[in-house]
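S.K.: no sequence on hand, only this structure:
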Ligand code: HEM
């Protein structure tokens with residue numbers, strides 16, 4: 001009996017089989033993620049449970065802080081916001097994640113910042129040793145060294161704000177309106193460069209390098225997107241998926257290298273320069289016992305420029321935004337500062353400045369309403385797991401909290417979308433303690449902002465100098481609306497009195513437009 005002839009396998013059949021296998025694998029993967037995954041019991045958007053690209057999308061369009069808020073309103077305090085990601089919106093949970101003592105470290109996507117770059121270091125022991133080097137740059141004694149450099153840049157900033165060449169016609173001394181997100185960015189970028197490198201791009205005085213502000217913003221946007229999944233970084237997908245954002249980042253690298261070059265040149269001429277960069281180049285790498293490599297120095301320098309410019313500038317712009325809309329708060333701040341410091345020359349960082357409670361309240365309330373590091377800062381739970389907000393979360397899961405949501409808890413901050421500087425001035429000790437516990441613009445715990453005190457000093461000095469030298473207000477007409485919410489801007493973006501932010505890694509803002517009038521000082 002002859003054997004039956006084998007039927008020839010058609011290419012369509014191969015494709016069909018492969019497709020079937022592919023679809024079945026995807027289906028079983030989806031079923032696993034929705035049903036058997038360790039986070040399966042937590043509610044959340046179905047797409048977020050299935051794929052990290054849900055988060056990537058919100059990071060790209062810049063509404064993640066609002067989407068996080070929307071999800072908590074819909075699903076409650078624990079929300080699954082990615083296949084392995086859990087959002088926690090209780091104050092206990094927040095302090096469990098970011099405070100000390102838990103087996104929790106920075107999330108996997110932080111590797112994108114490169115080895116030896118403080119902000120991205122995940123190993124706790126290595127971090128502790130590295131932090132000893134970098135925190136010296138922002139210690140109390142270092143702040144005293146930095147203060148004159150900061151004041152000098154603030155003086156240039158104030159000269160630009162009261163610029164008499166730009167008086168509006170018939171306005172009895174008021175200047176043309178200025179876009180404060182831009183000007184505050186020029187100020188803080190020049191400040192951070194002077195403090196770290198003793199040289200700067202002179203953004204306040206020269207338009208030549210101002211494109212760097214755009215590059216910084218785009219770099220921050222790309223960081224925020226890449227933070228949502230480590231695959232983007234590991235498989236180098238960023239340039240493929242977001243080619244329009246990459247050019248700016250290359251531009252930023254060029255600018256960083258130029259400032260490093262300038263700074264080195266200045267050091268050859270004067271080897272005694274004392275700044276943060278001098279500490280970097282003379283420091284010993286705790287991992288190798290040798291001096292920090294050129295790459296480590298470059299990476300950390302880039303981090304300081306980004307971390308130190310965008311954040312402080314958006315916070316200052318926010319303070320202008322809210323104060324210019326609140327005549328009562330404005331009057332309290334102005335009276336307090338002018339009675340404490342009769343002349344700009346008398347303004348110094350320290351006890352007197354810190355005693356200006358309305359000024360501090362005005363800045364704190366702007367940071368509460370519009371915290372500038374605004375995406376959930378992802379952390380990985382280490383073995384054997386951790387209790388977070390009363391829930392046991394297994395090792396390997398990635399957890400985070402939205403600072404914007406924490407700051408808008410209506411129980412602690414009644415009428416949470418209203419700017420009210422009294423929250424930081426009036427209250428029983430218990431109430432003040434509770435508010436502080438729910439307030440974390442700089443994060444908390446071991447990985448909180450390295451330069452929190454420096455940033456507060458810079459903001460207090462800036463606002464104190466401005467109100468001593470000038471009056472300021474919103475301009476007439478539509479320009480007054482720039483930066484605020486309004487109809488048609490999207491969900492939760494209708495509130496006209498709220499400074500609108502795009503939640504990139506740090507926030508991106510526009511406005512407010514502000515007009516200034518120089519005071520006559522004897
Ligand atoms: C209003 C201004 C600022 C705010 C609101 C702010 C906020 C923050 C926050 C929330 C973090 C935690 C980030 C994370 O967990 O991934 C952070 C980290 C950091 N910030 Fe700031 N920051 C400000 C200004 C500055 C300035 C002026 C500098 C330096 C010149 C700076 C340097 C850093 C560094 C190096 C880290 C990383 C610390 C670490 O990973 O342990 N920041 N900042």
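M.R.: Happy to help now that I have it. As the structure is a prediction and not an experimental result, all values here were calculated from the model. Numbering: from 1, shown residues only.
S.K.: list the helices and strands the worst-scoring helix or strand of the chain on mean pLDDT packs on?
M.R.: Across the helices and strands of the chain, mean pLDDT, DSSP states H and E gives its lowest value to helix 238-241, namely a mean of 76. If contacts are counted by 3 or more CB pairs under 8 Å, 6 or more residues apart in numbering; DSSP states H and E, helix 238-241 sits against helix 211-226, helix 243-269. Using the backbone N, CA and C atoms, a C-beta is placed for each residue, glycine as well.
S.K.: how about a markdown table for these, with mean neighbour count added?
M.R.: As requested, the helices and strands packed on helix 238-241 are arranged in a markdown table below (neighbours: other CB atoms under 10 Å):
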| stretch | mean neighbour count |
| --- | --- |
| helix 211-226 | 22 |
| helix 243-269 | 15 |
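S.K.: export the ones you listed to JSON lines and tack on mean pLDDT?
M.R.: What follows is the helices and strands packed on helix 238-241, written out as JSON lines (pLDDT from 0 to 100):
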{"stretch": "helix 211-226", "mean pLDDT": "87"}
{"stretch": "helix 243-269", "mean pLDDT": "79"}
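S.K.: and residue 63, how far from the ligand?
M.R.: Applying CB to the nearest ligand atom, to the nearest Å, the value for residue 63 to the ligand is 19 Å.
S.K.: coming back round to it: the ligand is nearest to which of the helices and strands packed on helix 238-241?
M.R.: Among the helices and strands packed on helix 238-241, helix 211-226 comes nearest to the ligand, with 9.7 Å by CB to the nearest ligand atom.
S.K.: can you pull the phi/psi pair for residue 78?
M.R.: With angles defined as degrees, to the nearest 10, residue 78 sits at phi -110, psi 120.
S.K.: shouldn't it be in contact with residue 390?
M.R.: No - look at residue 78 against residue 390 with CB atoms under 8 Å: they stay out of range, at 9.7 Å.
S.K.: the two: which is more packed in?
M.R.: residue 78 (24 against 12; other CB atoms under 10 Å).
S.K.: now the stretch 1-150 of the chain, which segments are flagged as low pLDDT?
M.R.: Per-residue confidence of the stretch 1-150 of the chain (counting by pLDDT under 70) places the weak regions at 1-7.
S.K.: count of residues packed around residue 23?
M.R.: Residue crowding around residue 23 was assessed by other CB under 10 Å; the count is 10.
S.K.: that one is in what secondary structure piece?
M.R.: Element membership for residue 23, per DSSP states H and E: helix 11-31.
S.K.: what residues does that helix touch?
M.R.: In this structure, residues lying in contact with helix 11-31 by CB atoms under 8 Å, 6 or more residues apart in numbering are residue 50.
S.K.: which positions within it qualify as buried?
M.R.: Along helix 11-31, not one residue counts as buried under the neighbour rule (16 or more other CB atoms under 10 Å).
S.K.: low-confidence ranges in the stretch 401-522 of the chain?
M.R.: Residues of the stretch 401-522 of the chain meeting the criterion pLDDT under 70: 522.
S.K.: and the longest helix belonging to the chain with helix 211-226, angle?
M.R.: Looking across the chain with DSSP state H, the single longest helix is helix 294-325. Computed with axes from the mean of the first three to the mean of the last three CA atoms, to 10 degrees, the direction of helix 294-325 lies at 100 degrees from that of helix 211-226.
S.K.: the ligand contacts on the stretch 101-250 of the chain?
M.R.: Applying CB under 6 Å from any ligand atom, we find that the stretch 101-250 of the chain lies next to the ligand at 118, 119, 192.
S.K.: ok, 5 Å please
M.R.: Listed as neighbours of the ligand in the stretch 101-250 of the chain under the rule CB under 5 Å from any ligand atom: residue 119.
S.K.: helices along the stretch 101-250 of the chain, start to end?
M.R.: When secondary structure is read from DSSP state H, counting those that start in this stretch, the stretch 101-250 of the chain shows helices at 124-135, 140-161, 180-197, 211-226, 230-234, 238-241, 243-269.
S.K.: which strands and helices lie in contact with the third one?
M.R.: So that's helix 180-197. Helices and strands in packing contact with helix 180-197 are listed as helix 140-161, helix 211-226, helix 243-269, helix 276-282, helix 294-325, helix 452-469; criterion 3+ CB pairs under 8 Å, 6+ apart.
S.K.: try 6 Å
M.R.: Taking 3 or more CB pairs under 6 Å, 6 or more residues apart in numbering; DSSP states H and E as contact, the helices and strands that helix 180-197 lies on are helix 140-161, helix 276-282, helix 294-325.
S.K.: any idea which of those is most buried?
M.R.: Greatest average neighbour count among those goes to helix 294-325 (a mean of 24), per mean count of other CB atoms under 10 Å.
S.K.: for it, packing partners?
M.R.: Using 3+ CB pairs under 6 Å, 6+ apart as the contact test, the elements touching helix 294-325 are helix 180-197, helix 211-226, helix 357-369, helix 452-469.
S.K.: mind listing what's buried in the next helix or strand after it?
M.R.: The helix or strand immediately downstream of helix 294-325 is helix 327-340, counting by DSSP H and E. Using 16+ other CB under 10 Å as the burial criterion, the residues of helix 327-340 that qualify are 329, 330, 332, 333, 334, 336, 337, 340.
S.K.: other residues contacting helix 327-340?
M.R.: Outside of helix 327-340, the residues within contact range by CB atoms under 6 Å, 6 or more residues apart in numbering are 323, 352, 356, 358, 359, 362, 421, 464, 467.
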